[in-house]
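> below are the sequence and a predicted model; questions follow.
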Amino acid sequence: MTSKIENKVEKAGLLTLDINKFFVPGKRASVDINKFIGEELIVRESVFKKNLDAANWENMTSAFVAIYCSKDIIVPPWAYLFVQVKLMNIAQEVFFSEPETMNAILFERGLNNLEIAEYKNKRVFLKICSNNQLPLCAISLCAQKLIPHVKSLFYGEPCSSIPLIKN
């Protein structure tokens, strides 16, 4: 006796949204301005420029680059700009932020491509597989965008999920 395999998920009108599809692909890199300051507690332009000139920027080629300072000092805005100038025509894009913030910005850009009409009044499952570069805020950004429009929102996949909301 042959029986046709039935897709109950599809039949129930459940949609799975893999949030990894909004992750903007590309190499990630970061520059800690602290490396160019030396032992000083302030940024001295001459020392800073000299250290920037001596740096090797090849590993930043075509990368999204976060420029930040790990030292608790006041960094003048021009210091970030000097690094950005060094990365012109090398990096794909430069961010004046911590690497985590850069990843959040890039994720949000990808999420802006979501066609929300496709999920209107549907039961939606947020599929979240491990991706080391996916920022934690990605889940929040997805929920914030979907909650006003979906019938139900779940964390996980239809086989194993946690209900978040029911409208």
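Here it is on my side, so go on. Numbering: from 1, shown residues only.
> pull the helix or strand with minimum mean pLDDT from the chain.
helix 8-11 (a mean of 63; mean pLDDT, DSSP states H and E).
> skip the chain neighbours and tell me the closest residue to the residue most central in space within the chain.
In the chain, the centroid-proximal residue (Cα atoms, centre = their mean) is Asn103; its distance is 2.7 Å. Nearest non-adjacent residue to Asn103, counting by Cβ to Cβ, 6 or more residues apart in numbering: Pro135, 4.6 Å away. The way it works is simple: take the backbone N, C-alpha and C, and place the C-beta from them, glycine included.
> count of neighbours near that neighbour?
20 (other Cβ atoms under 10 Å).
> point me to the helix or strand that includes it.
Remark: Pro135 resides in no helix or strand, with elements defined by DSSP states H and E.
> quick check: phi and psi at it.
Backbone torsions of Pro135, given as degrees, to the nearest 10, read phi -70, psi 150.
> how close does it sit to Phe107?
For Pro135, the distance to Phe107 equals 6 Å [Cβ to Cβ, to the nearest Å].
> next, the buried residues of the longest helix seen in the chain.
Longest helix of the chain, by residue count under DSSP state H: helix 99-111. The neighbour-count check on helix 99-111 (16 or more other Cβ atoms under 10 Å) flags Pro99, Met102, Asn103, Ala104, Ile105, Leu106, Phe107, Glu108, Gly110, Leu111 as buried.
> can I get these in JSON lines including pLDDT?
Listed next are the buried residues of helix 99-111 as JSON lines, based on pLDDT from 0 to 100:
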{"residue": "Pro99", "pLDDT": "96"}
{"residue": "Met102", "pLDDT": "97"}
{"residue": "Asn103", "pLDDT": "95"}
{"residue": "Ala104", "pLDDT": "96"}
{"residue": "Ile105", "pLDDT": "97"}
{"residue": "Leu106", "pLDDT": "96"}
{"residue": "Phe107", "pLDDT": "96"}
{"residue": "Glu108", "pLDDT": "96"}
{"residue": "Gly110", "pLDDT": "95"}
{"residue": "Leu111", "pLDDT": "96"}
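> ok, so what distance separates Ile67 from Glu45?
For Ile67, the distance to Glu45 equals 17 Å [Cβ to Cβ].
> more crowded one of those two?
Ile67 (26 against 11).
> can you list contacts of the helix or strand harbouring the more buried one?
Ile67 belongs to strand 64-68 when elements are defined using DSSP H and E. Strand 64-68 has contacts (Cβ atoms under 8 Å, 6 or more residues apart in numbering) with 24, 26-33, 80, 83-84, 87, 91-99, 101-102, 106.
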